[in-house]
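**Student:** the sequence and its predicted three-dimensional model are supplied below.
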Amino acid sequence: MQVLAIESATNVAGLALVAEETVIAEATLNTGKTHSQRLMPMLARLLDEAELQLEELDGIVVSGGPGSFTGLRIGMATAKGLAYAVQKPLVTVSTLDSLALNCTGRTELICPILNARRNEVYSAVYRVSSEGELQMVMPYRALPPKELIAFLRQREEQVVFLGDGVPVFGDLLFNELKDRCELASPLDSLPRAAALGWLGIRKLKKGEIADLATAKPFYIRPSEAEVTWQQKNL
Amino acid sequence: MFAGVEEGMNKDTLILALETSCDETSAAVLSGKHRVLSNIIASQIPVHQKFGGVVPEIASRRHLEQIIPVVDTALAEAGVALQDLDAVAVTYGPGLVGALLVGVAQAKALAYALKKPLIGVHHLLGHIYANLLEHPDLKLPALCLVVSGGHTSLVHWQSHEQLSILGATRDDAAGEAFDKIARSLGLGYPGGPVIEKAARTGNREAIAFPRAWLEEGSLDFSFSGLKSAVLNYLHNAKQRGEEISVPDVSASFQEAVVEVLVEKTINAATAHGLETIALAGGVAANQRLREQLTATAESHGLKVIWPSLVYCTDNAAMIACAAYYRYQLGDFAGLDLNAVPYLPLDKALSS
Ligand SMILES: [Zn+2]
């Protein structure tokens, strides 16, 4: 079994070809250039280099959010198009789950944070079970860093933060949580399409397939227009 | 590189086109240069109505949720399998960037997976080429008046390889003025059809709104003065506590827009010796504009054509039609094709 994984939820454009127990190929661009221009040429090159055809894959895995609305849509529109054209199953994997996988070697709580702007982060909190599986301690949320800190204060455990929210909120987290706080290295902070594919292939084996027609990213937040409208009309 | 161009001689070219530049998710399959096998349009108008206009983020979300069903229905209705296609075309600008990106990403993925050429189409070129769906034998050159929510331009349509802009709006587009006036009259969105409907029972001469002719011989337009005049009129009436007649305001406003559009279009056609005038864009659906332009053109010995209603609104069939001519010229896009929200019309044929 082998899948193509597409990660475009943040500034990082990532692609990977992943088999059940290994990574066949992986490409990551963290140049800040638009995914729209980079993703497809990169994908064509990666498949070429790996001497693989889309038809030989068992599924297409895509980062399901949360993250940049536009980035998520570019990834998902691409994944849907590919899956539709070669009639392969589409699998969505949480961007935060796949990010947390970068830190599974650790015993601390794992807390990926993505900069959600407007002074909030997209986050979730995990712990690694004795079997090495990710277990969720706090579900996916968009929340101010202060609320996340309050949640983590209640638990007297070490916590490691990773993700593109670290450069923005790292100082605040460190000042508030002091020696209970660790910041992952920039290497571990980068979303990896290989991690996405790794989780995706496991979902695929369990038959957790997205409906191609209706699949959409997990945005967490409604659009600002809807929020404003609700405030005015309630 | 692609065998399709030569094959086109004995087999009609099959093009799948996608259009997601604003609030319609559309996919169409075109056979040859004008046979529309399917043209599926999933409108989002009801979704945006409560906001009084298109909300870009909501539009982008809807496009992503509708794109596969729309493509799937277009292929099924056309009775065409993906593998039978010769090319995949997509609108890449101008429009709402988030909305465009959904179509562009989808089209690139389809083209790559199917190993078919990709064609990027300028949205307004699509509106212009909508005329060729029902008038495939139209002889170029012709004059085209492009009037929509975002554009008001007079285009010298020389050939499939060349077009030039003779005049354009210096401020608001005609359709934009319709939208703003409709909103201030409480008629809702989209403005064109609601104003036109209200105007039917109104008096076109009730209120003398200004016409901006600009300098002698200019083929440019300006609608901001007219827009302010209408808004001032409404404001003053309200201050004085006077009842306003929505039909009269609508009819008088519409007449002011139509009169300028017609006169400048005729001037452009005669100045450039063009015998056929083609109408394009959402406002080309306006009955009063069609009537007045036809009557005036006839008195000058000119002919006017326009696309059917369904091809005046945003639709993928018109994108497929424009793409057919790009295909014939081998004008293909790379996998790095990006969405371009502000894409000038004079760049439409230079890729
Ligand atoms: Zn349009």
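**Tutor:** Right, received. Where do you want to start? Residues are numbered from 1 along each chain as shown, chains lettered A, B, ... in the order given.
**Student:** could you chop the chain up by domain?
**Tutor:** Assuming you mean chain A. Chain A breaks down into these domains under automatic domain parsing: A:2-95+A:191-233, A:96-189.
**Student:** wrong chain, I was asking about chain B
**Tutor:** B:5-129+B:312-347, B:139-308.
**Student:** pick the most deeply packed of those.
**Tutor:** Greatest average neighbour count among those goes to domain B:5-129+B:312-347 (a mean of 22), per mean count of other CB atoms under 10 Å in any protein chain shown. No exception for glycine: its C-beta is placed from N, CA and C like everyone else's.
**Student:** quick check: mean pLDDT across that domain?
**Tutor:** In this model, domain B:5-129+B:312-347 has a mean pLDDT of 94.
**Student:** ok, it near the ion or not?
**Tutor:** Yes. Looking at domain B:5-129+B:312-347 against the ion by CB under 5 Å from the ion, the contacts come from B:Asp314.
**Student:** could you pull out the helices for chain A?
**Tutor:** A:35-49, A:69-86, A:95-100, A:145-153, A:166-177, A:186-189, A:193-205, A:224-233 (DSSP state H).
**Student:** name the residue closest to the centre of the chain, please.
**Tutor:** Using chain A here. Chain A has A:Thr95 as the residue nearest its centroid, 1.6 Å off, counting by CA atoms, centre = their mean.
**Student:** correction: the question concerned chain B.
**Tutor:** Using CA atoms, centre = their mean, the most central residue of chain B is B:Gly281, at 2.9 Å.
**Student:** stretch B:117-135 and chain A, any residue contact?
**Tutor:** No. Stretch B:117-135 lies out of reach of chain A by CB under 8 Å from any CB of the partner chain, never closer than 9.4 Å.
**Student:** so A:Ile220 is in contact with A:Ala142, correct?
**Tutor:** Yes. The criterion here is CB atoms under 8 Å, and A:Ile220 meets it with A:Ala142 at 4.7 Å.
**Student:** who touches whatever residue of the stretch 251-351 of chain B ends up closest to chain A in this structure?
**Tutor:** Proximity of the stretch 251-351 of chain B to chain A (CB to the nearest CB) peaks at B:Leu335, 3.9 Å away. With contact taken as CB atoms under 8 Å, 6 or more residues apart in numbering or on different chains, B:Leu335 is in contact with A:40-41, A:43-44, B:108, B:111-112, B:118.
**Student:** among these, which two are most distant?
**Tutor:** A:Leu43 and B:Leu118 (13.7 Å; CB to CB).
**Student:** need the residues touching each of the two.
**Tutor:** Contacts common to A:Leu43 and B:Leu118, judged by CB under 8 Å, 6+ apart, are B:112, B:335.
**Student:** still on that earlier bit, please report how far the residue lying closest to the residue nearest to the centre of chain B once chain neighbours are set aside lies from B:Ile181.
**Tutor:** Nearest non-adjacent residue to B:Gly281, counting by CB to CB, 6 or more residues apart in numbering or on different chains: B:Ser148, 3.4 Å away. Using CB to CB, to the nearest Å, one gets 16 Å for the distance from B:Ser148 to B:Ile181.
**Student:** phi first, then psi, for the residue lying closest to B:Ala89 once chain neighbours are set aside.
**Tutor:** Leaving out its chain neighbours, the residue that sits closest to B:Ala89 by CB to CB, 6+ apart is B:Ala323, at 3.3 Å. Note on B:Ala323: backbone dihedrals following degrees, to the nearest 10 are phi -60, psi -30.
**Student:** what does the model give the residue in chain A that chain B sits nearest to for pLDDT?
**Tutor:** Proximity of chain A to chain B (CB to the nearest CB) peaks at A:Gly81, 2.7 Å away. Predicted confidence (pLDDT) at A:Gly81: the value is 98.
**Student:** ditto for B:His151
**Tutor:** Looking at B:His151, the pLDDT reads 89.
**Student:** can you classify the residue of chain B found nearest the ion as helix, strand or coil?
**Tutor:** Nearest to the ion in chain B, going by CB to the ion, is B:Asp314, at a distance of 4.4 Å. Following DSSP: H, G, I helix; E, B strand; the rest coil, B:Asp314 is assigned to coil.
**Student:** so what's the residue lying closest to it once chain neighbours are set aside up against?
**Tutor:** Leaving out its chain neighbours, the residue that sits closest to B:Asp314 by CB to CB, 6+ apart is B:Glu24, at 4.4 Å. Going by CB under 8 Å, 6+ apart, B:Glu24 touches B:41-44, B:313-315.
**Student:** coming back round to it: pLDDT wise, what is the residue nearest to B:Gly281 at?
**Tutor:** B:Ser148 is given a pLDDT of 89.
**Student:** quick one: contacts for it?
**Tutor:** B:124, B:127, B:173-175, B:280-283 are the contacts of B:Ser148 under CB under 8 Å, 6+ apart.
**Student:** tell me the helix or strand right after the helix or strand hosting B:Ile119.
**Tutor:** Secondary-structure element containing B:Ile119, defined by DSSP states H and E: strand B:118-122. Note on strand B:118-122: by DSSP H and E, the next helix or strand toward the C-terminus is helix B:123-134.
**Student:** and that next one, how far from the chain's centre?
**Tutor:** Once both centres are worked out by CA atoms, centre = their mean, to the nearest Å, helix B:123-134 turns out to sit 8 Å from its chain's centre.
**Student:** what angle sits between it and strand B:118-122?
**Tutor:** 100 degrees (axes from the mean of the first three to the mean of the last three CA atoms, to 10 degrees).
**Student:** and for the next helix or strand after helix B:123-134, what are the contacting residues?
**Tutor:** Counting by DSSP H and E, the element after helix B:123-134 in chain order, helix or strand, is strand B:142-147. With contact meaning CB under 8 Å, 6+ apart, strand B:142-147 is reached by B:124, B:127-128, B:131, B:152-157, B:163, B:166, B:173-175, B:261, B:265, B:268-269, B:272, B:274-284, B:289, B:293, B:345.
**Student:** export stretch B:324-333 as PDB, just CAs?
**Tutor:** Only the C-alpha atoms of stretch B:324-333 are listed here, as PDB (Å, rounded to 0.1, in the frame of the first residue of the first chain):
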ATOM      1  CA  TYR B 324     -11.200  26.000 -28.000                       C
ATOM      2  CA  TYR B 325      -9.400  28.800 -29.900                       C
ATOM      3  CA  ARG B 326      -6.500  28.700 -27.400                       C
ATOM      4  CA  TYR B 327      -6.200  25.000 -28.000                       C
ATOM      5  CA  GLN B 328      -6.100  25.500 -31.800                       C
ATOM      6  CA  LEU B 329      -3.300  27.900 -31.300                       C
ATOM      7  CA  GLY B 330      -1.400  25.600 -28.900                       C
ATOM      8  CA  ASP B 331      -1.600  28.200 -26.200                       C
ATOM      9  CA  PHE B 332      -1.200  26.000 -23.100                       C
ATOM     10  CA  ALA B 333      -0.500  26.800 -19.500                       C
END
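**Student:** grab the nearest non-local neighbour of B:Pro307.
**Tutor:** B:Ala130 (3.9 Å).
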